[in-house]
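Student: Can you look at this prediction? I've put the sequence above it.
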Amino acid sequence: MPGVTGIAVAKRPRYAALPALRFQEKISSAENLNALLRLLSQSIHILARGMASAQGIHELSRLIRSMSPSLEAEIYVFAHIPKEAPESDSRKSRWLMQEAITQADMLFREHEGWTIIIPQSLADKLGLDFTFPCKKVTLNVHSSLDAVGFLAKITTRLADNLGIGINPVSGYFHDHLFIPLGKEDLALDELKAMAADEQV
């Protein structure tokens, strides 16, 4: 064991075979071993805490209370890149995919091709057809990917209270709401009110 001297594992005591090992060295070795075990225990505890943190929050009331929504200024759109472009367009299609991979907020492969969520300014630059101009609201709480009811609660509230339909996307750490352009401020205020309601 690195850093620990004088420790031997055998079927019978072997101190007689180690004449240079004095009593003080034995105590020192035992102290080193105890310190090492304490450090190992602390490391395991920290690792377990980190793993729990990486998994995100499951509790619905805590998720709503802590969601801390924030609105981005950028206008986003949903665009489409065909999976198999005609031979004449294959080079352009590859170029579009390269641009999308490096700059898109989301890339999702469907049977018909690739759906990408990108800033409208980029869609215009790339000459892409797009739909659903929207604003992005990020929920700044680390939600677990298997948390139950979080997005359902949010989408239901926005639909019932404001008549707004949104497109939610779950990332590894956070959930993001793509809200129809012009309704983002109403949605943001409603989300803040929803979080405040959960504080009571």
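Tutor: Sure, I can see it.
Student: so where do the helices sit in this protein?
Tutor: Under the criterion DSSP state H, the chain carries helices at the ranges 23-55, 60-65, 90-103, 120-126, 150-162, 184-199.
Student: And for the third one, what's in contact with it?
Tutor: What it means is helix 90-103. With contacts defined as CB atoms under 8 Å, 6 or more residues apart in numbering, helix 90-103 is touched by I81, P82, A85, L107, W114, I116, I118, P119, L122, L126, L128. All C-beta atoms are positioned from the backbone trio N, CA, C, and that covers glycine.
Student: out of the residues you listed, who has the most neighbours?
Tutor: The most crowded member of the contacts of helix 90-103, judged by other CB atoms under 10 Å, is I116 (26 neighbours).
Student: Quick check: pLDDT value at it.
Tutor: pLDDT recorded at I116 is 93.
Student: same check, this time on P2
Tutor: 48.
Student: before we move on, what about A147?
Tutor: With respect to pLDDT, A147 has a value of 92.
Student: got it, and S70?
Tutor: With respect to pLDDT, S70 has a value of 98.
Student: OK, contacts around it?
Tutor: Residues near S70 by CB under 8 Å, 6+ apart: V137, T138, N140.
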